[in-house]
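Chemist: Sequence first, then the predicted structure:
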Amino acid sequence: MALETLEDIFAFEDLSGTFTITDVVVGLLLSFILLSAIGWLYKRTHRGTSYTQSYVHTLIMMGLVVDIIMLIVGSNIARAFSLVGALSIIRFRNAVKETRDVGFIFFAMAIGMATGTRFYLLAIIATAIIGTLIFIMYEFDWYSRPAISQILKIQLDKEVDFEKLFGKVFVKYTSSADLIGIDSVRSDTGTELVYSVILKKKANKHEFIEAIKKLNGNQKVFLITGYNTTDL
């Protein structure tokens, strides 16, 4: 009696009729299963060193939250606009390290939206097909470019004239060598040169580095391969 009086006074709207407990439980469980599969797929197909467990956990959490949000919004346009306004104040301070991660964020959000709006079959089929396509692209290495160029870093004393110092070595071991960066190191007492090089097919990397070391006074030499396929 008292509850009815309060509802009459404040004009409360009973929203529990828009979804049932079964909708909530089934949606969350199905969403968790599908998002866990997406998390496994992300881990299995991730390349590079930027993988973090927290990112995968965030994917799953985000999908589950989106599921709940979609249940709350339902078909109410006013609630949808209120949600947009509330989410617009959120600012993300961590930059996404890989563009591929953005795709997985949208993937998880889409599955959360599908389960939250009770399109269960759509969520299952979409997860299976999109996940399979992502796995195929990873396994067959689609759209990759051969890693032919390498990064060469050479440290030497600051007073050394490096303009023509490595010319003969580059002619012997590389088909291309372009100076792309110069930096000061060791409290401005040394110089670090950064080259983009393409080694000849029969060039021995060990001999190449040893030849460079003979010219730079046996100081540090770095040869980085696969930088264009791996995030460093």
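Modeler: Okay, I see it.

Chemist: Can you pull the poorly scored residue ranges out of this structure?
Modeler: Low-confidence segments of the chain, defined by pLDDT under 70: 1-17, 75, 79, 82-83, 85-95, 146-147, 226-232.

Chemist: Spell out which residues make up each domain of it.
Modeler: When the chain is parsed with the TED database, its domains come out as 1-140, 150-229.

Chemist: Now do the contacts for residue 153.
Modeler: Taking CB atoms under 8 Å, 6 or more residues apart in numbering, we find residue 153 in contact with 192, 193, 194, 195, 220, 221, 222, 223, 224. C-beta: built from backbone N, CA, C; applies to glycine.

Chemist: Closest to residue 29 out of those residues?
Modeler: Residue 29 lies nearest to residue 224 out of the contacts of residue 153, by CB to CB, at 45.9 Å.

Chemist: Residue 222: neighbour count?
Modeler: Residue 222 sits with 13 neighbouring residues when counted by other CB atoms under 10 Å.

Chemist: Now name the helix or strand holding it.
Modeler: Assigned by DSSP states H and E, residue 222 belongs to strand 221-224.

Chemist: Name the residues of that strand that come out as buried.
Modeler: Neighbour-count burial for strand 221-224 flags 221, 223 (criterion: 16 or more other CB atoms under 10 Å).

Chemist: What is it packed up against?
Modeler: strand 150-157, helix 205-215 (3 or more CB pairs under 8 Å, 6 or more residues apart in numbering; DSSP states H and E).

Chemist: correct me, but residue 205 touches residue 221?
Modeler: No: in this structure residue 205 lies outside contact range of residue 221 using CB atoms under 8 Å: 10.8 Å.

Chemist: Summarise which helices and strands the longest helix seen in the chain is packed against.
Modeler: As assigned by DSSP state H, the longest helix anywhere in the chain is helix 21-45. Applying 3+ CB pairs under 8 Å, 6+ apart, we find helix 21-45 packed against helix 53-73, helix 99-116, helix 120-139.
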